[in-house]
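> Let me see the structure of the following:
(one chain, ligands or ions: 1)
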Amino acid sequence: MLRDRFAKTWLDRVQVAKGWDYRPALAALEQSQWLPREQVEQQNLLRLRELLTHCQARVPFYRDAMKQCGFEPDDLRSLADIGALPIISKADLRAGYDRFRATGEKSPYDVWNSSGSTGEPFFFRLDRRSISANTYAALARGRRWWGMDYGVREGMIWSGLSDLTGTARGRLAALKRRISWSLKNITAVDVYLLDDAAIVRGYQAFLRSHPRVLRAIASGLLRFCAGLERLGLDGRKLGIEAAIYTGEGLTRAQRDRIESVLGCPTVTEYGCTELGIIAFECPEGGLHVSHDNLLVEYLVGSRQAEVGEQAEMVITNLNEWVHPLVRYKIGDFAAPSAQTCACGRTLPLIGELGGRVHDSIRTPQGQVIHGLYFTHLFDRLPEVAQFRVIQRQLDRFAIEIVVPEISAERAKRSIETAVRDTLGETMAVEVRTVASLPVAASGKTRWIVSELDE
Ligand SMILES: [Zn+2]
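Coordinates of the predicted model:
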């Protein structure tokens, strides 16, 4: 108990020191989740008008776009009027980064990177208002629905425990992260290399620390639980009360399997770096949208989706003023729902989330390399615009990269060295440069392609 309280205080202090104090935003979100929906929408209309006025005055892309379509923020009468503005994608942001930045904006921000699920690493300026409200406060609110405030003993199956860069700076960053997690009462297991030995070590570490909540990258959680089953280790002995998964979707069957291994419910956390928590699942099974931070549109082509229809999500971040995101297409599909939740919260529900699946690469030694290993590897190589990993044989794989010719040799060498350092000499890797990558029907580039039989 004392340790929980210390960890919570420590986390709060760190957030304050970084300028991300999430507590005032959390207090507001705790209230708005119960307000009549019309009241929140009315407030959102005022916030949107203010944000768009700011965009018109300060952001070159929006100034031009509004002029072109004759849009005046003052004329905004309903949230749907935003439909007159263009939809933007991550590719647009990459191509014209500075045109989306607010000139002369003094709000403090931090630079975060977004690995995303499309294989296009991307560095992004995030307004601290968005970091505190959308990222930390919205996550804290969701965790509280399950009685799992920050500070409670926590297990994580996550990335970032070990250094991927092979530099002293990278090693120091990984060490600092591990110390920080430990002070926050978190025991972490590395998602990159979840072979049987690592699963046993992780299991023993969790047995010692007894986490109440487990927060994990979805496919890592699934692999961990499948490993426990295979190795005959009793997952229920860990005493975990809720397993929060994020990063990818899980099927109902996969969730059932995890729940039976751990003996606790699984909880969907859905979000991305640029927008924070988009939706969080409550104990009644409702996947609630953070509509007090974000405006979510569901579009099929240019029309609004019907209830229950799979549609592209287009999102506006109401708290991002440094690098505004208005009608941002994140590349995920979901179906809107008209249902209300038995928990009584008025936050709208997502009916069903479309898939975001990360494949994996396997080695002859039986290691499974999570797809996120590659996104994080390429986070360090910003000159590589896109990549794709293809495995057709167990002892080799290929990486295709889209990179300017001038940086191609250097990028190839860094990738080969990093992969050899992680996987040793037993895996052959071929790095080749290509002009472009094929795009799947969903609009996304499938960036890990494994043609091995499961
Ligand atoms: Zn609910």
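
> can we go C-alpha only for contacts and neighbour counts from here?
OK.

> Closest residue of the stretch 51-200 of the chain to the ion?
residue 145 (8.9 Å; Cα to the ion).

> Now do stretch 349-361: distance from first to last residue.
End-to-end span of stretch 349-361 (Cα to Cα, to the nearest Å): 35 Å.

> Read off the pLDDT value for the residue of the chain positioned farthest from its centre.
Computed with Cα atoms, centre = their mean, the residue of the chain farthest from its C-alpha average is residue 70, at 34.9 Å. Predicted confidence (pLDDT) for residue 70: 94.

> At the contact with the ion, which residues of the stretch 301-450 of the chain appear?
341, 343 (Cα under 5 Å from the ion).

> rewinding a little: surely the residue of the stretch 51-200 of the chain closest to the ion is in contact with residue 282?
Yes. Between residue 145 and residue 282 there is a contact under Cα atoms under 8 Å: 6.2 Å.

> Mind checking which of those two has more residues around it?
residue 282 (21 against 15; other Cα atoms under 10 Å).

> and that one, what pLDDT?
pLDDT, residue 282: 98.

> could you list every residue that touches it?
Counting by Cα atoms under 8 Å, 6 or more residues apart in numbering, residue 282 makes contact with 142, 145-146, 267, 288, 343.

> got the phi/psi numbers for it?
phi -100, psi 170 (degrees, to the nearest 10).

> With residue 158 instead?
phi -150, psi 170.

> go on, the one 3 residues further on?
For residue 161, the backbone dihedrals are phi -70, psi -30 (criterion: degrees, to the nearest 10).

> so which strand or helix has residue 352?
strand 350-353 (DSSP states H and E).

> mind listing what that strand pairs with, with the direction of each?
Sheet pairing here is set by DSSP bridges, and for strand 350-353 it gives strand 328-336 (antiparallel).

> Mind checking the pLDDT average for the strand it pairs with?
So the average pLDDT for strand 328-336 ends up being 86.

> ok, residue 45 - how many residues close by?
So residue 45, with other Cα under 10 Å, has 18 neighbours.

> filter the contacts of residue 282 to the buried ones?
142, 267, 288 (16 or more other Cα atoms under 10 Å).

> State the distance from the second one to the ion.
What it means is residue 267. 12 Å (Cα to the ion, to the nearest Å).

> is it fair to say that residue lies in a strand?
Yes. Counting by DSSP: H, G, I helix; E, B strand; the rest coil, residue 267 is located in a strand.

> Now do the same contact list for it.
With Cα under 8 Å, 6+ apart as the criterion, the residues that contact residue 267 are 242-245, 280-282.

> Run through the residues of the stretch 151-300 of the chain sitting next to the ion.
Going by Cα under 5 Å from the ion, the residues of the stretch 151-300 of the chain near the ion are 282, 286.

> which stretches of the stretch 151-300 of the chain form helices?
In the stretch 151-300 of the chain, the helices defined using DSSP state H, counting those that start in this stretch lie at 168-183, 196-209, 218-231, 252-262.

> any idea which of those is most buried?
helix 218-231 (a mean of 21; mean count of other Cα atoms under 10 Å).

> could you check the angle helix 252-262 makes with that one?
Here helix 218-231 points in a direction 50 degrees away from that of helix 252-262 (axes from the mean of the first three to the mean of the last three Cα atoms, to 10 degrees).

> chain center to helix 218-231: distance?
21 Å (Cα atoms, centre = their mean, to the nearest Å).

> where along the stretch 1-150 of the chain do the strands fall?
88-89, 109-114, 122-127 (DSSP state E, counting those that start in this stretch).

> which ones are touching the residue nearest to residue 153 when sequence neighbours are not counted?
Of all residues not flanking residue 153 in the chain, residue 211 sits nearest, at 4.6 Å (Cα to Cα, 6 or more residues apart in numbering). Applying Cα under 8 Å, 6+ apart to residue 211 gives the contacts 152-155, 186-187, 238-240.

> any chance of these in JSON lines, with neighbour count, distance to residue 162 and pLDDT too?
Converted to JSON lines, the contacts of residue 211 look like this (neighbours: other Cα atoms under 10 Å; distance: Cα to Cα, whole Å; pLDDT from 0 to 100):
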{"residue": "152", "neighbour count": "21", "distance to residue 162": "24", "pLDDT": "97"}
{"residue": "153", "neighbour count": "22", "distance to residue 162": "22", "pLDDT": "97"}
{"residue": "154", "neighbour count": "25", "distance to residue 162": "19", "pLDDT": "97"}
{"residue": "155", "neighbour count": "25", "distance to residue 162": "17", "pLDDT": "98"}
{"residue": "186", "neighbour count": "24", "distance to residue 162": "16", "pLDDT": "96"}
{"residue": "187", "neighbour count": "22", "distance to residue 162": "14", "pLDDT": "96"}
{"residue": "238", "neighbour count": "19", "distance to residue 162": "24", "pLDDT": "98"}
{"residue": "239", "neighbour count": "16", "distance to residue 162": "27", "pLDDT": "97"}
{"residue": "240", "neighbour count": "21", "distance to residue 162": "25", "pLDDT": "98"}
